[in-house]
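In: Show me how the following folds:
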Amino acid sequence: MTTPTPPPPTAPTPPPSPRTAALRHAAPALAAYLAVRLISLAVLATWAHRRHHGVRPILALEWDAKWYWGIATHGYTHTLGTAYDANNLAFFPLYPYVVKTLSAITPLSLSSTGLAVALTSSLLAAWGIFAIGDHLHDRRTGILLTVLWAAWPVALVQWMAYTESLFTALAAWSLYAVLTQRWLPAAGLAILAGLTRPTGIAVAAAVSLAALLSLRHHRSHKAALAVITAPLGWCAYVTWVGLRLHRWDGYFAVQRLWHNEWNGGQETLRRFRELLGQDSRPELFLIGVTLTLIAATALYALSIWDRQPTPLLIFTGAMLAIVLGSGGVYFPRARFLLPAFPLLLPIATHLTKASRRFRWLALGTAVTASAYFSAYMALVWPSAP
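Out: Predicted coordinates for the structure are as follows:
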């Protein structure tokens, strides 16, 4: 009788790479993010169908999306001109040129590429937002923070051919790099954020000031380099516009033609008084914008009370100062604050301690309100988001 030969030992399964492990850790947050956004998209599609309106034009071809399409197709203007709301130098270059480059090497049209970039960026943003919540608190907080960002009042913009998702992704991962003391990636992402939106200066401020504060405790060539380089993207574009228009204040002259001048919040307070105290029948969308701005201010105060990390407070504080202090158009300001996700951390941390029933009720209400308000913004409100 022969003894059976034991099977040869199998090689141990290699552990997943750190990036794969991080993605698996974030998977519930990304799944929750997709679920919230798909619910919102379904509400929009149903409402649009009843109004005999296509969904794709809303997402890919209207308002700012048209401006980015024009830049990707024809480039920037060479002159300042005198027409109001008509100069494309007000729009920063990273998003349209990424779209142009990807469209040239793929079979997708410019509009389809713009949507694909926005959708991909939104997932990267959701991952970065989760990473910050998880790093500062725990996995549940990271998931809740991601869901709350997905349910922002005008969150439909995250899946439109706009720059908000790309900017939020760059801001989130830059701030995460700061929180984990990786100064060069933080500065590199801040440079890209500065080429994406005017509020990129808020990311640069967070990185530069955080790096400067760290130098008080220990010398680091990387931190010192981050202090200097983080604002370069924003400064480079502003300088380039000045050179293109042959005047040192070229970029700011363009902004004046778009009525975007900083006046310390006088216009914001005037609109608050008008909408909440004088207008007998205020437009629903403008009421939503106003309540979002008031809530954002209150949440910033709570963020200070909770002693959020300094880089997050600098970022959201700068975002609020830019948005609330602007004398420009009022109606897009809820969208302008969309990248300021750290404002939602006080809510996320509170919900982690709440009962399951209250948590589901709060999230369900937020998702429903966001879906309705986003669809209203796209189909009823007659102007840009």
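
In: Need the pLDDT of P6.
Out: According to the prediction, P6 has pLDDT 67.

In: Kindly report the same for A11.
Out: The model's pLDDT for A11 equals 61.

In: Touching stretch 119-133 from outside, list them.
Out: 22-23, 26, 29-30, 33-34, 37, 141-146, 149-150, 158-159, 165-166, 168-169, 171-173, 175-176, 179, 312, 341-342, 345, 348 (CB atoms under 8 Å, 6 or more residues apart in numbering). To be clear about C-beta, it is placed using only N, CA and C from the backbone, and glycine gets the same treatment.

In: Report the buried members of these.
Out: 26, 29-30, 33, 37, 141-146, 149-150, 158-159, 165-166, 168-169, 171-173, 175-176, 179, 312, 341-342, 345, 348 (16 or more other CB atoms under 10 Å).

In: Count the neighbours of K353 for me.
Out: Other residues within reach of K353, judged by other CB atoms under 10 Å, total 8.

In: ok, now how distant is it from P346?
Out: 12 Å (CB to CB, to the nearest Å).

In: now swap in I143 and tell me
Out: Where P346 is concerned, I143 sits at a distance of 16 Å (CB to CB).

In: What's the mean pLDDT across stretch 312-320?
Out: 98.

In: Return the distance of that stretch from the chain's centre.
Out: With CA atoms, centre = their mean, to the nearest Å as the basis, stretch 312-320 stands 13 Å off its chain's centre.

In: Check stretch 204-217 too.
Out: Distance, centroid of stretch 204-217 to centroid of chain: 22 Å (CA atoms, centre = their mean).

In: which parts of it are buried?
Out: Buried residues in stretch 204-217 (16+ other CB under 10 Å): 204-211, 214.

In: what do you get for stretch 79-94?
Out: For stretch 79-94, by 16+ other CB under 10 Å, it's 80, 87, 89-94.

In: Provide the contact partners of that stretch at residue level.
Out: By CB under 8 Å, 6+ apart, stretch 79-94 touches 64, 67-68, 70-71, 76-77, 163, 166, 192, 195-198, 200, 237, 241, 244-245, 247, 250-251, 253-255, 257-260.

In: Please check the residues you listed and keep the buried ones.
Out: Burial by neighbour count, 16+ other CB under 10 Å: within these this picks out 64, 68, 70-71, 77, 163, 166, 192, 195-198, 200, 237, 241, 244-245, 250-251, 253-255, 257-258, 260.

In: returning to what we had before: which of the buried residues of stretch 79-94 sits closest to Q278?
Out: A90 (30.5 Å; CB to CB).

In: So the closest one versus A104, what's the distance?
Out: For A90, the distance to A104 - CB to CB - is 25 Å.

In: likewise L148?
Out: Where A104 is concerned, L148 sits at a distance of 37 Å (CB to CB).

In: which of the two has more neighbours?
Out: L148 (25 against 11).

In: what's the closest non-adjacent residue to the more buried one?
Out: L344 (4.4 Å; CB to CB, 6 or more residues apart in numbering).

In: Ok, L275 next?
Out: Using CB to CB, 6+ apart, the nearest residue to L275 is P282, at 4.7 Å.

In: now the helices: where do they sit in the stretch 51-200 of the chain?
Out: 55-60, 64-74, 94-105, 110-136, 139-150, 164-179, 183-194, 200-214 (DSSP state H, counting those that start in this stretch).

In: how close does A187 get to A210?
Out: 11 Å.

In: Please compute how far the helix or strand containing A29 lies from its chain's middle.
Out: If you go by DSSP states H and E, A29 is part of helix 18-50. Helix 18-50 sits 16 Å away from the centroid of its parent chain (CA atoms, centre = their mean).

In: any idea of the mean pLDDT in it?
Out: 95.

In: now stretch 357-365
Out: 98.

In: Likewise for stretch 153-173?
Out: 98.

In: what sits against P382?
Out: By CB under 8 Å, 6+ apart, P382 has no neighbours at all.

In: three-state assignment of it?
Out: coil (DSSP: H, G, I helix; E, B strand; the rest coil).

In: Same check on R281?
Out: Classified using three-state DSSP, R281 is coil.

In: distance of it from A318?
Out: 35 Å.

In: ok so, going back, pull the number of nearby residues for the residue nearest to L275.
Out: Neighbour tally, P282, other CB under 10 Å: 14.

In: From A172, how far out is it?
Out: For P282 relative to A172 (CB to CB), the value is 33 Å.

In: how about the buried residues of stretch 204-217 in TSV, adding distance to P16 and pLDDT?
Out: Formatted as TSV, the buried residues of stretch 204-217 follow (distance: CB to CB, whole Å; pLDDT from 0 to 100):
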residue	distance to P16	pLDDT
A204	34	99
A205	36	98
A206	31	99
V207	30	99
S208	35	98
L209	36	98
A210	31	98
A211	32	98
S214	31	95
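
In: If we only consider the residues you listed, which is nearest to G277?
Out: A205 (34.0 Å).

In: ok, the closest residue to L41 other than its chain neighbours - contacts?
Out: Closest residue in space to L41, ignoring its immediate chain neighbours: W159 at 6.9 Å, by CB to CB, 6+ apart. Shown in contact with W159 (CB under 8 Å, 6+ apart): 37, 41, 59, 115, 118-119, 122, 165.

In: now V154: how far from W67?
Out: 18 Å.

In: now Y237
Out: Taking CB to CB, one finds Y237 at 15 Å from W67.

In: isn't A369 right next to P153, touching?
Out: Yes: using CB atoms under 8 Å, A369 is in contact with P153, at 7.2 Å.
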